[in-house]
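Student: Kindly generate the corresponding structure for this input.
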Amino acid sequence: MGLLSPIAALGRAVLSGLAWIGRLSIFAAQTVRHIFTPPWYPRELGHALLAIGWLSLPVVGMTAIFTGAALALQIYIGSARFSAEAVVPQITAIGMVRELGPVLCGLMVAARVASSVAAEIGTMKVTEQIDALVTLSTHPMKYLTAPRVLAATLSMPLLVAIGDIIGIMGGYLVATQRLDFNASTYITNTVNILDAGDILSGIVKGAVFGFLIALMGCYQGMQSGRGAQGVGRATKTAVVAASVLILASNYLLTEVFFSA
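Tutor: Now for the predicted structure:
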């Protein structure tokens, strides 16, 4: 029995992981169904758009501008070893639009939104407000989950686009003020290197990341245990799971868009 204990533990972990994936998949399918079927709650959607989209702009902007600035500086330092400093604007733009912009924006929004959504819904569950919604013949997923998931899915592409612009501007400021690049040449090279596929990939990634962020926040909030400890555990799990799913889906989407 002692020799089989590690195998049994591994089997239990695999079965637990598969069960979690199954529950999450069912929850996601139900959420999508509720998004597209009435009744709808436009006021809840408006509040979610404000909380998820508008109030996330400061953290996204600060993250993007410093990331773009650091990226331009690092590319310059690395390319100087090969006397290829002229590629700074091109690589900075592609790096921000394809990868760093969507991923960092997704991670920052996950830290802010997934935690708050999980804590809010978890607290409602602990205080039996979700049971009260059921008593009032209001489906909790339709009232709580669907507006938040839809708001995040709609907001994240716009946040990613704004983050990309701010990040490229951060690289532009470092390149022109610190590295003696010509301003008009930098802008021309940046515009010329980007095509519709680069921009579209970032927008699609943003929509997928937004869906995953809100989905994990709502799911963990609905699965929250009783008491403050249960809400805290749900909040932590929501952020970790959303971050891991963002990184995993980023790789899969990159394969889809750029493997050819």
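Student: Verify the stated contact: Q90 with I193.
Tutor: Yes - the pair Q90 and I193 passes the contact test of CB atoms under 8 Å, sitting 4.2 Å apart. C-beta coordinates here come from the backbone N, C-alpha and C atoms, glycine included.
Student: Now do the shared contacts for those two.
Tutor: Residues touching both Q90 and I193 (CB atoms under 8 Å, 6 or more residues apart in numbering): there are none.
Student: Need the CA coordinates for stretch 80-98. PDB is fine.
Tutor: C-alpha atoms of stretch 80-98 as PDB (Å, rounded to 0.1, in the frame of the first residue of the first chain):
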ATOM      1  CA  ALA A  80      23.600  48.000 -29.800                       C
ATOM      2  CA  ARG A  81      25.700  44.900 -29.500                       C
ATOM      3  CA  PHE A  82      25.000  44.200 -33.200                       C
ATOM      4  CA  SER A  83      24.900  47.800 -34.300                       C
ATOM      5  CA  ALA A  84      21.100  47.400 -35.000                       C
ATOM      6  CA  GLU A  85      19.800  50.300 -32.900                       C
ATOM      7  CA  ALA A  86      17.500  51.400 -35.700                       C
ATOM      8  CA  VAL A  87      15.100  48.500 -35.000                       C
ATOM      9  CA  VAL A  88      14.000  49.900 -31.700                       C
ATOM     10  CA  PRO A  89      10.700  51.400 -32.900                       C
ATOM     11  CA  GLN A  90       9.700  48.300 -34.900                       C
ATOM     12  CA  ILE A  91      10.400  45.800 -32.100                       C
ATOM     13  CA  THR A  92       8.900  48.000 -29.400                       C
ATOM     14  CA  ALA A  93       5.700  48.400 -31.400                       C
ATOM     15  CA  ILE A  94       5.400  44.700 -32.300                       C
ATOM     16  CA  GLY A  95       6.200  43.600 -28.700                       C
ATOM     17  CA  MET A  96       3.600  45.900 -27.200                       C
ATOM     18  CA  VAL A  97       0.800  45.200 -29.700                       C
ATOM     19  CA  ARG A  98       1.200  41.500 -30.000                       C
END
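Student: Show me the contact partners of it.
Tutor: If you take CB under 8 Å, 6+ apart as the criterion, stretch 80-98 is touched by 64, 67-68, 71-72, 75-76, 79, 164, 167-168, 171-172, 175, 179, 181, 185-187, 189-190, 193-194, 198-199, 201-202, 254, 258.
Student: and with 6 Å instead?
Tutor: Applying CB atoms under 6 Å, 6 or more residues apart in numbering, the contact partners of stretch 80-98 are 68, 71-72, 75-76, 79, 164, 167-168, 171, 175, 186, 189-190, 193-194, 198, 201-202.
Student: so where is the protein shaky, pLDDT-wise?
Tutor: Applying pLDDT under 70 to the chain flags the ranges 1-4, 260.
Student: name the element the residue nearest to the spatial centre of it belongs to?
Tutor: Centroid check for the chain by CA atoms, centre = their mean gives G106 as the closest residue, at 2.7 Å. With elements taken from DSSP states H and E, the one containing G106 is helix 101-109.
Student: What residues sit buried inside that helix?
Tutor: Neighbour-count burial for helix 101-109, counted by 16 or more other CB atoms under 10 Å, picks out 101-109.
Student: go on, stretch 17-28?
Tutor: Judged by neighbour count using 16+ other CB under 10 Å, the buried positions of stretch 17-28 are 24, 27-28.
Student: if we can go back for a sec, I'd guessed the residue nearest to the centre of the chain sits against V208; true?
Tutor: No - the pair G106 and V208 fails to qualify as a contact (CB atoms under 6 Å) at a distance of 8.8 Å.
Student: Can you list the buried residues in the helix or strand harbouring P58?
Tutor: For P58, the element it lies in under DSSP H and E is helix 57-80. Using 16+ other CB under 10 Å as the test for burial, helix 57-80 gives 59-61, 63-65, 67-69, 71-73, 75-76.
Student: Fine by me, thanks again.
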